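K.L.:
Build me a model from this:
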Amino acid sequence: MKFGYPTKVFLLAIIGLTGTLSSWAQPADQLKRASELFKQANESYSNSRYDDAIAKYSEYIKIRPTVATGWYNRGLAYRQKAEAAMSRPDFEEALADFSQAIKLDPKDADFWLYRGHVRLRLIPVDFAKQVPAAIVDYTEVIKRRPMSAAGYTGRAQAYQESNRTAEAMADLN
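P.N.:
Now for the predicted structure:
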């Protein structure tokens, strides 16, 4: 089906309009509150106050549940908290948040990358599930960002965990 120029412009305008309707449906004071929470959460994260960042991102997500960056940023805060304490529950929370971010925006390579990183940390807990899933996540990163050293090194590490040395070496090279 071919569309003429005016039809294409109209369709693009409709697509763009539907993306902003969710913002219009929320009162301005809610959107302003969400914006302030996001800024405060980012500041807490920058100052390594991860519990406070998580709480503020959670409030932001209540207002803007369809915005992938809220889920992603909260996942980053859970991951940092988990790294500091080697906390399995926090790694699992991070995994869930990165997964939700991917559901909302599967094109963002960083969402896949950090979910892969968390899966590597969860390998001791559930080797059979996490290794193949980490390989899938890192493969998605490489598809979206072919020059990603982090994608290749992460996948190499997952391959190495499953004794697939030749594939690990190929990624490292």
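K.L.:
element containing the residue positioned nearest the centre of the chain?
P.N.:
Computing the C-alpha centroid of the chain and ranking residues by CA atoms, centre = their mean puts Phe111 first, at 2.8 Å. Using DSSP states H and E, Phe111 sits within helix 109-121.
K.L.:
which other residues reach the helix or strand just after that helix?
P.N.:
Counting by DSSP H and E, the element after helix 109-121 in chain order, helix or strand, is helix 127-144. Residues from elsewhere that reach helix 127-144 (CB atoms under 8 Å, 6 or more residues apart in numbering): 107-109, 112-113, 115-116, 119-120, 122-123, 148, 150-152, 154-155, 158-159, 161-162. Where C-beta positions appear, they are placed from N, C-alpha and C, glycine not excepted.
K.L.:
Also stretch 164-173?
P.N.:
Taking CB under 8 Å, 6+ apart as the rule, stretch 164-173 contacts 152-153, 155-157, 159-160.
K.L.:
Apply 7 Å and report the result again.
P.N.:
Identification of contacts with stretch 164-173 by CB atoms under 7 Å, 6 or more residues apart in numbering yields 152-153, 155-156, 159-160.
K.L.:
now stretch 147-163
P.N.:
Residues outside stretch 147-163 that contact it (CB under 7 Å, 6+ apart) are 109, 113, 116-117, 120, 123, 131, 134-135, 138-139, 141-142, 145, 167-168, 171-172.
K.L.:
The helix holding Phe111 to helix 127-144, inter-axis angle?
P.N.:
160 degrees (axes from the mean of the first three to the mean of the last three CA atoms, to 10 degrees).
K.L.:
helices or strands next to helix 109-121 in the packing?
P.N.:
helix 68-85, helix 88-104, helix 127-144, helix 149-161 (3 or more CB pairs under 7 Å, 6 or more residues apart in numbering; DSSP states H and E).
K.L.:
Measure how it sits relative to helix 88-104, angle-wise.
P.N.:
Computed by the same axes, to 10 degrees, the angle between helix 109-121 and helix 88-104 is 150 degrees.
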